[in-house]
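Asks: Next comes the sequence, and after it the predicted model I'd like to discuss.
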Amino acid sequence: MKRIILDLTKPKIEILINEDTEIYGVFVGKDEIQLKSELTVTHLKPNLKSLTIVKAVVFDISSFDMIGNLVIKTGAKNTDAYLRLDALIMSSEASARVIPSLEITENDVKGGHGATVGQVDQEQLFYLQSRGLSHKQSEELLVEGFLSNIIDKI
């Protein structure tokens, strides 16, 4: 299976699926870094699979804004495609917005998407700190856990 690592610094990213493909992207924003990007993954041919996962962690006053489009065109029968966008907000002034969408003009396909935007669970932080970790170490461990499944792929 082909693997693509996204350059999320580009404002518009377009990927045409010509073979079974895994697509991964990671963004870690600190200070005042702002990222705004639109990703479009398009299936034109039949019988292909794609998995797209983008994860972001935003600290300080950074922001992440991602629109993800999964397009399955007429003629791409038996396509199996999934788009996932997740963001973890690490401070009260950081922000994230993720918008997944599907555009399907073919029957007999599997297409799906999902998205989450959330903050660190304070109970998890408290638990780790009660085991002797500092606040910073606890946050680092939670961020590492959030990103681990994608970092292992890239």
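Replies: Happy to help now that I have it. Numbering: from 1, shown residues only.

Asks: Burial check on Arg3, number of neighbours?
Replies: The burial metric for Arg3, expressed as a neighbour count using other CB atoms under 10 Å, is 11. Placement of C-beta: from N, CA and C, glycine included.

Asks: where do the strands sit along this structure?
Replies: Chain-ordered strands for the chain, with DSSP state E as the definition, fall at 2-5, 12-17, 21-29, 34-43, 49-58, 63-72, 80-89, 95-104, 110-119.

Asks: Present the ones you listed as CSV; the columns should include mean pLDDT.
Replies: Below are the strands of the chain laid out as CSV (pLDDT from 0 to 100):
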stretch, mean pLDDT
strand 2-5, 96
strand 12-17, 97
strand 21-29, 96
strand 34-43, 97
strand 49-58, 97
strand 63-72, 98
strand 80-89, 98
strand 95-104, 97
strand 110-119, 96
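
Asks: how many neighbours does the closest residue to Val120 other than its chain neighbours have?
Replies: Among residues not flanking Val120 along the chain, Leu142 sits closest, at 5.6 Å (CB to CB, 6 or more residues apart in numbering). By other CB under 10 Å, 18 other residues sit near Leu142.

Asks: what pairs with the spatially most central residue of the chain across the strands?
Replies: For the chain, the residue nearest the mean C-alpha position is Val54 (1.7 Å; CA atoms, centre = their mean). Under the criterion DSSP bridges, Val54 forms beta bridges with Gly25, Leu85.

Asks: What lies in contact with the biggest helix by length in the chain?
Replies: Counting residues, the longest helix found in the chain (DSSP state H) is helix 135-151. If you take CB atoms under 8 Å, 6 or more residues apart in numbering as the criterion, helix 135-151 is touched by 24, 26, 53, 55, 57, 86, 88, 90, 120-121, 124-125, 128-129, 133.

Asks: Pull the contacting residues for the closest residue to Ala81 other than its chain neighbours.
Replies: Leaving aside its chain neighbours, Ala81 sits nearest to Ser50 (4.6 Å; criterion: CB to CB, 6+ apart). Contact criterion CB under 8 Å, 6+ apart gives Ile17, Asp20, Thr21, Glu22, Ile23, Val41, His43, Leu70, Thr79, Asp80, Ala81, Tyr82 as the residues in contact with Ser50.

Asks: Surely the fifth one is in contact with Lys49?
Replies: No - using CB atoms under 8 Å, Ile23 is not in contact with Lys49; the gap is 11.3 Å.

Asks: out of the two, which sits in the busier spot?
Replies: Between Ile23 and Lys49, counting by other CB under 10 Å, Ile23 is the more crowded of the two (21 against 17).
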